[in-house]
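Enquirer: Fold the following for me, if possible:
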Amino acid sequence: MMRNQMSPRCCLLQQINEVSFAVNDMILYLDTHPEDEKALRYFAEVSDRRNKLMAEYAKKYGPLTIDDAAISSEKLWKWSQQPFPWEREGA
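Expert: Purely as a prediction, here's the structure:
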């Protein structure tokens, strides 16, 4: 499915998945190349992008991880109130 055919929520999740892949890939690379300055800069860039996307998702739809629970739980504990992973949108 193309991004322009996805719901805003699915589009945001897709962006999180893509940048998370880059973060994980850089972690593996940096394990064997810890002094690669270009890789370190790229890791910082994609990590920052992932953190911003995760915070945006948490504010709009609820946290994806417990680390983001504080972002979306200002007045209410929403962690247990969001849909479970198998309760997909549009299902």
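
Enquirer: And the average pLDDT for stretch 13-20 is what?
Expert: For stretch 13-20, mean pLDDT rounds to 96.

Enquirer: Check what pLDDT the residue lying farthest from the centre of the chain gets.
Expert: Distance from the centre of the chain peaks at Glu35, with 26.2 Å (Cα atoms, centre = their mean). pLDDT for Glu35: 94.

Enquirer: got it, and Pro85?
Expert: For Pro85, the pLDDT comes out at 61.

Enquirer: What of Arg50?
Expert: pLDDT, read off for Arg50, is 97.

Enquirer: pretty sure it is touching Asn17, no?
Expert: No - Arg50 is not in contact with Asn17 according to Cβ atoms under 8 Å; the separation is 10.1 Å. (Glycine included, C-beta is placed from N, CA and C.)

Enquirer: Which one's more surrounded, those two?
Expert: Arg50 (19 against 10; other Cβ atoms under 10 Å).

Enquirer: SS state for that one?
Expert: Under DSSP: H, G, I helix; E, B strand; the rest coil, Arg50 falls in the helix class.

Enquirer: Let me know the secondary structure of the spatially closest residue to it that is not a sequence neighbour.
Expert: Computed as Cβ to Cβ, 6 or more residues apart in numbering, the closest residue to Arg50 that is not its neighbour in sequence is Val19, at 4.6 Å. Reduced to three states with three-state DSSP, the structure at Val19 is helix.

Enquirer: Any idea how many residues pack against Pro63?
Expert: Using other Cβ under 10 Å, Pro63 has 20 other residues around it.

Enquirer: give me phi/psi at the residue nearest to it when sequence neighbours are not counted?
Expert: Counting by Cβ to Cβ, 6+ apart, Pro63 lies nearest to Ala69, which is 4.5 Å off, once chain neighbours are set aside. Phi and psi for Ala69, reported as degrees, to the nearest 10, are phi -60, psi -40.
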